[in-house]
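**Q** when you get a sec, could you give me coordinates for this:
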Amino acid sequence: MKRLFFDTIAKPFQKGNRLRTLIVCICVLIGNALLAFGIAAFLIPHDILSDGTTGIGIFLNKLLPGFDTAWLILVLNLVLLFFGTVILGKKFFVTTVAGSILYPLILAGFQRIPGIDALTEDATLAAICGGIVIGVGMGLTMRVGSSTGGMDILALVAHRWFHVPVSAGIYVLGFLVIGGQAFFSSSEKALLGVLLLILESLLIERVILIGKAQVQLFVVSDRHEEIRQQLLNKLNVGVTMAAIETGRLEKQQQGVLCILSPRKLHEAIALIRNTDPDAFLTVTKIREVHGRGYREDE
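**A** Model prediction:
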């Protein structure tokens with residue numbers, strides 16, 4: 001177990017993994033900086049309800065004004081990090097410790113910048129801007145497999161113990177934290193908190209999937225061999241041939257399956273229509289693609 005722990009730490013620094021490790025570190029740093037900026041510039045100045053340990057930390061700061069919000073969040077993150085390590089193992093600790101500590105420290109620095117709390121006087125605009133900035137920051141962090149820690153850890157534990165989907169756990173915990181704060185705040189602040197959570201969730205998903213979404217073409221045609229050659233040679237995309245049987249005539253033939261970038265979709269359809277105007281064609285959006293032979297880095 002001890003050897004596994006140190007192997008996990010050393011692996012990113014091996015020669016073949018250094019560039020990827022550098023990219024991960026940069027994304028984690030920028031992601032946590034954006035998260036901290038959104039909290040310091042938009043949420044705290046306008047008292048907007050937030051989810052996660054950030055929301056709990058802001059609430060505790062009202063009860064314990066002598067304690068800085070950033071340090072309260074740091075303590076909460078460390079407690080949850082310890083709890084997650086006990087339940088989920090040491091590998092989890094290695095991938096989560098950076099976000100759990102880095103975010104509160106950067107937040108403490110941002111809070112000391114003069115005028116950062118005066119970027120806007122409109123609470124609704126602050127909630128919108130905060131949701132966008134925080135969502136991009138968290139999405140960038142999650143995109144490289146890291147985490148900001150906090151309440152995400154409880155969602156992962158719930159998934160381990162009760163097989164609850166992680167995304168569902170995060171949503172439920174987020175609404176519980178905002179709902180708990182709503183008892184001590186105005187309805188307007190609570191609604192702004194919900195707006196923030198929705199925008200944050202949408203941006204997280206968008207950022208994680210940027211550059212990964214593709215389209216899938218499936219073509220049924222008597223001229224399937226010509227279509228295959230056109231896609232391979234003129235568009236330089238991968239093609240898979242699938243054995244199919246037509247429904248009405250029960251005719252055995254081959255279908256052409258192709259996954260390509262949305263930028264090539266119009267040209268691909270034009271090639272297929274020029275080859276066989278009567279071809280049956282479906283287009284499906286694919287969220288993510290992996291596999292040797294498709295992406296250059298795999």
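**Q** for the nearest residue to Gly135 once chain neighbours are set aside, list the residues it contacts.
**A** The shortest distance from Gly135 to any non-neighbouring residue, by C-beta to C-beta, 6 or more residues apart in numbering, is to Leu203 (2.5 Å). All C-beta spots, glycine's among them, are computed from the backbone N, C-alpha and C. By C-beta atoms under 8 Å, 6 or more residues apart in numbering, Leu203 lies in contact with 131-132, 134-136, 138-139.
**Q** centroid-wise, who is the farthest residue in the chain?
**A** Distance from the centre of the chain peaks at Leu249, with 45.9 Å (C-alpha atoms, centre = their mean).
**Q** thinking again about what came up before, redo the contacts of Leu203 as JSON lines? Include pLDDT.
**A** Below are the contacts of Leu203 laid out as JSON lines (pLDDT from 0 to 100):
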{"residue": "Gly131", "pLDDT": "92"}
{"residue": "Ile132", "pLDDT": "94"}
{"residue": "Ile134", "pLDDT": "91"}
{"residue": "Gly135", "pLDDT": "89"}
{"residue": "Val136", "pLDDT": "92"}
{"residue": "Met138", "pLDDT": "84"}
{"residue": "Gly139", "pLDDT": "84"}
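**Q** what is the nearest of those residues to Leu72?
**A** Ile134 (18.0 Å; C-beta to C-beta).
**Q** could you dump stretch 194-205 to CSV, C-alpha only?
**A** Extracted C-alpha coordinates of stretch 194-205, given in CSV (Å, rounded to 0.1, in the frame of the first residue of the first chain):
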residue,chain,number,x,y,z
VAL,A,194,-30.4,28.9,-7.4
LEU,A,195,-29.6,31.0,-10.5
LEU,A,196,-25.9,30.8,-9.6
LEU,A,197,-26.0,27.0,-9.2
ILE,A,198,-27.8,26.5,-12.5
LEU,A,199,-25.4,28.7,-14.5
GLU,A,200,-22.4,27.1,-12.7
SER,A,201,-23.6,23.6,-13.6
LEU,A,202,-24.2,24.5,-17.2
LEU,A,203,-20.8,26.0,-17.6
ILE,A,204,-19.0,23.1,-15.9
GLU,A,205,-20.6,20.7,-18.4
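**Q** quick revisit: might you calculate how far the helix or strand containing the residue nearest to Gly135 sits from the centre of the chain?
**A** Leu203 belongs to helix 187-209 when assigned by DSSP states H and E. Counting by C-alpha atoms, centre = their mean, to the nearest Å, helix 187-209 is centred 13 Å from the centre of its parent chain.
**Q** could you point out which element follows it?
**A** strand 214-220.
**Q** and the contacts of stretch 267-284?
**A** 215-223, 226-227, 230-231, 234-235, 237, 258, 260, 265.
**Q** mark which of these are buried, thanks.
**A** 215, 217-221, 227, 230-231, 235, 237, 258, 260 (16 or more other C-beta atoms under 10 Å).
**Q** ok, of these, which one's closest to Leu76?
**A** Distances from Leu76 to the buried ones among the contacts of stretch 267-284, taken by C-beta to C-beta, are shortest for Val215, at 42.7 Å.
**Q** who is the closest one paired with across the strands?
**A** Leu260, Lys285 (DSSP bridges).
**Q** ok, Met138 - contacts?
**A** Contact analysis of Met138 by C-beta under 8 Å, 6+ apart lists 31, 35, 148, 200, 203-204.
**Q** if we use 6 Å, what do you get?
**A** 35, 204 (C-beta atoms under 6 Å, 6 or more residues apart in numbering).
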